[in-house]
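Enquirer: fold the following and give me the result.
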Amino acid sequence: MVNQTYTADVLVVGGGTGGTAAAIQAARRGAKTILVSEFPWLGGMLTSAGVSVPDGNELEAFQTGLWGAFLQELRQRQPGGLDNSWVSFFSYDPRIGAEIFADWVQELPYLHWISGQVPIDVYRQGDSITGVCFADFAVTAKIILDGTELGDLLPLADIPYRWGWELQSEWGEPSAPVTFNSLTQKYPVQAPTYVVIMQDFGESIAPEIPAAPNYNPSQFTGAWNGYGAETFLNYGRLPGGLFMMNWPICGNDYGEGVGRLIESDVSRSEFIPESRWHSQNFAHFIQKQLGSRYGLAKKVFPHAPTAFALHPYYRESRRLVGLTTVREQDILPIAKGRVASIFNDAIAVGNYANDHHYPGVQFPLQPKSIRWGGRWTGSPFTIPYSCLIPATTDGFLVCEKNISVSHIANGATRLQPVVMGIGQAAGMAAAICVELNCQPRDLPVRTLQTALLEDNRSKAAIIPLFNLPPNHSDWQHWQLYYLDNPQAYPVSGDCPDSAFDKALIQESNCFKGIFFRLEQQEYRFTVTAPAAYQGQSWQLVTLRSHIDEQLRAYPHEQLVTLWGRHNHSGNWLLVEHLNRG
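Expert: You can find the predicted model right below:
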């Protein structure tokens, strides 16, 4: 029964990565905003789902907007730094991520956050969504955003959405299947993972991890074959002797009957504990195989059992039928290029390589990886504003993995930094719609793009350019230039005549040694000083464009002095500055 009705300019339903970003940006713009979340932590994938080793947008030039601000906060708050794992350049305690989002929300007078609530019904007036009903209250707003993990407002509002695969005949996507088959039937969407955080108890014996229902050790046999136990554990290593378990090979991805997630509340409530049991069984298997020093972490998440995330890491949700649909072609590099073509209404940037998770199945995808900075990354792409807007419904935007995207392309658009950028753009758009008293579909996109580029707190890149970090004096000029002249956008992803800010990262250390070029974009370094590392051989990687240029030109087998940070898990040196000799 509705006991109270709140009124706002903007309502964001769902406190995930995109929803949190949207609410923060809308409130910072000055819109009276209400954020209603299911869980007591904000940030979704980055925090409450436990994926505190995020992928994508790792290059310095792509660390912009709220994503860049989040990384800066993490660098200041995370003891021991972020160089802990080998799957990502950033790994942190999820409790610190949750603190950052809570602090950002608390400082905003225009933002009211209500937690522990899920949407039950939606109010409509004609073709417009006007409000959302929860258990004992309702909220009416001028613009409503769906930031739920599974696109739960879409069916409530009778807004058309997609779930499952599209065939190659739909859009001509090169990786899409020609016909529906056993894979598309068994796994209509990518498998979620219920993240569990394990801990190295060292000389102590960790409490025994009991087996959960349906334990079958053969499901996990061979999980770290080809890697070794230490490398396997270091995949998602966190500070403080913690390990994020989100492992795709004979690991804790879980997709049995994944369609239950959207069939009913009852079927969803069956799937979720099953996926958690699967992760508990994986942790049990790890402890049995690798020793009793490894156990479940204590007091990480604010519920019991405290080693398990608050909810599964959902890689895919219901997907809006929007004004534009992002297809695989839109994220693949153009011919002889390192970048995808850009949308005229671009509002966010991503660069993840694209991968899909189906337990026990290797699904081939059109490659979009490139070597850059001495390591594999993905060719960058853009997200269009029109994929956030329903085809026929007003007063409504999406801001999570529920954008209008194909099943294939979702493998690249679903990543945490991209979704954070989508959320920031959606929140900015909602606030400007309130200012202009217009519908999202009528918002002049250049107004939105300019607002993102000029935001006084967290300006966000719209055009991906490898050699244009946001602190560059000409950053806004080149962003606007390529928006105005998309035909001039360089296939290399580099803008001309760029001078670099060569400021050192404060945590950098000095190393001397010999530089080896194994092949193009693959570099090693044998340390001669300091003495503690003498004789060790490390991979050289960088996130900074001017260092990438220097490494590409540096002579083989020459002395070099480097400043950077050593990552033990990846056995690499993240280079921030280098001199000859």
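Enquirer: where along the stretch 1-150 of the chain do the helices fall?
Expert: Secondary structure of the stretch 1-150 of the chain (DSSP state H, counting those that start in this stretch): helices located at 17-29, 65-77, 94-106.
Enquirer: dihedrals phi and psi, the residue nearest to the spatial centre of the chain?
Expert: The residue lying closest to the centre of the chain (Cα atoms, centre = their mean) is Gln416, at 1.2 Å. Gln416 adopts backbone torsions of phi -60, psi -50, taken as degrees, to the nearest 10.
Enquirer: spatially nearest residue to it, not counting backbone neighbours?
Expert: Excluding its sequence neighbours, the residue lying closest to Gln416 (Cβ to Cβ, 6 or more residues apart in numbering) is Pro54, at 4.1 Å. In short, each C-beta sits where N, CA and C put it, glycine included.
Enquirer: please identify the most buried of the helices of the stretch 1-150 of the chain.
Expert: helix 17-29 (a mean of 32; mean count of other Cβ atoms under 10 Å).
Enquirer: which other helices and strands contact it?
Expert: Counting contacts by 3 or more Cβ pairs under 8 Å, 6 or more residues apart in numbering; DSSP states H and E, helix 17-29 packs against strand 4-13, strand 33-37, helix 65-77, helix 94-106, strand 111-115, helix 416-436.
Enquirer: which elements pack onto the longest one?
Expert: Okay, so that is helix 416-436. Applying 3+ Cβ pairs under 8 Å, 6+ apart, one finds that helix 416-436 makes contact with strand 4-13, helix 17-29, helix 65-77, strand 137-146, strand 346-350, strand 381-384, strand 396-398, helix 445-454.
Enquirer: ok, the third one next?
Expert: Using 3+ Cβ pairs under 8 Å, 6+ apart as the contact criterion, the secondary-structure elements in contact with helix 65-77 are helix 17-29, helix 94-106, helix 416-436.
Enquirer: measure how it sits relative to helix 445-454, angle-wise.
Expert: Angle of helix 65-77 versus helix 445-454, following axes from the mean of the first three to the mean of the last three Cα atoms, to 10 degrees, is 10 degrees.
Enquirer: same question for the longest one.
Expert: Here helix 416-436 runs at an angle of 120 degrees relative to helix 445-454 (the same axes, to 10 degrees).
Enquirer: could the helices and strands packed on helix 17-29 be laid out in a markdown table, adding distance to Asn246?
Expert: Below are those laid out as a markdown table (distance: least, Cβ to Cβ, whole Å):
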| stretch | distance to Asn246 |
| --- | --- |
| strand 4-13 | 26 |
| strand 33-37 | 22 |
| helix 65-77 | 18 |
| helix 94-106 | 12 |
| strand 111-115 | 24 |
| helix 416-436 | 12 |
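Enquirer: which one of the helices and strands packed on helix 416-436 lies closest to Thr324?
Expert: Closest approach to Thr324 among the helices and strands packed on helix 416-436 is made by strand 381-384 (5.0 Å; Cβ to Cβ).
Enquirer: state the mean pLDDT of that closest one.
Expert: Averaging pLDDT along strand 381-384 gives 98.
Enquirer: what's the offset of that strand from the middle of its chain?
Expert: In terms of Cα atoms, centre = their mean, to the nearest Å, the centre of strand 381-384 is found 14 Å from the chain centre.
Enquirer: what does stretch 351-360 give?
Expert: 13 Å.
Enquirer: repeat for stretch 388-401
Expert: Distance of stretch 388-401 from the chain centroid (Cα atoms, centre = their mean) equals 20 Å.
Enquirer: tell me the buried residues in that stretch?
Expert: Of all the residues in stretch 388-401, those buried under the rule 16 or more other Cβ atoms under 10 Å are Leu388, Ile389, Pro390, Thr393, Asp394, Gly395, Phe396, Leu397, Val398, Cys399, Glu400, Lys401.
Enquirer: next: stretch 278-292.
Expert: Quick answer for stretch 278-292 (16+ other Cβ under 10 Å): His278, Ser279, Gln280, Asn281, Phe282, Ala283, His284, Phe285, Ile286, Gln287, Leu290.
Enquirer: can you check stretch 200-212 too?
Expert: Those would be Asp200, Phe201, Ala206, Ile209, Ala211, Ala212, for stretch 200-212 by 16+ other Cβ under 10 Å.
Enquirer: and the longest helix for this protein?
Expert: In the chain, assigned by DSSP state H, the helix with the most residues is helix 265-290.
Enquirer: off-centre distance for the helix or strand that comes right after that one?
Expert: Counting by DSSP states H and E, the next helix or strand C-terminal to helix 265-290 is strand 294-296. The chain centroid and the centroid of strand 294-296 are separated by 26 Å, computed with Cα atoms, centre = their mean.
Enquirer: tell me the strands beside strand 294-296, with direction?
Expert: Paired neighbours of strand 294-296 in the sheet (DSSP bridges): strand 196-200 (antiparallel).
Enquirer: re earlier: make CSV from the helices of the stretch 1-150 of the chain and add mean pLDDT and distance to Leu518 to it.
Expert: Below are these laid out as CSV (pLDDT from 0 to 100; distance: least, Cβ to Cβ, whole Å):
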stretch, mean pLDDT, distance to Leu518
helix 17-29, 98, 37
helix 65-77, 98, 30
helix 94-106, 98, 36
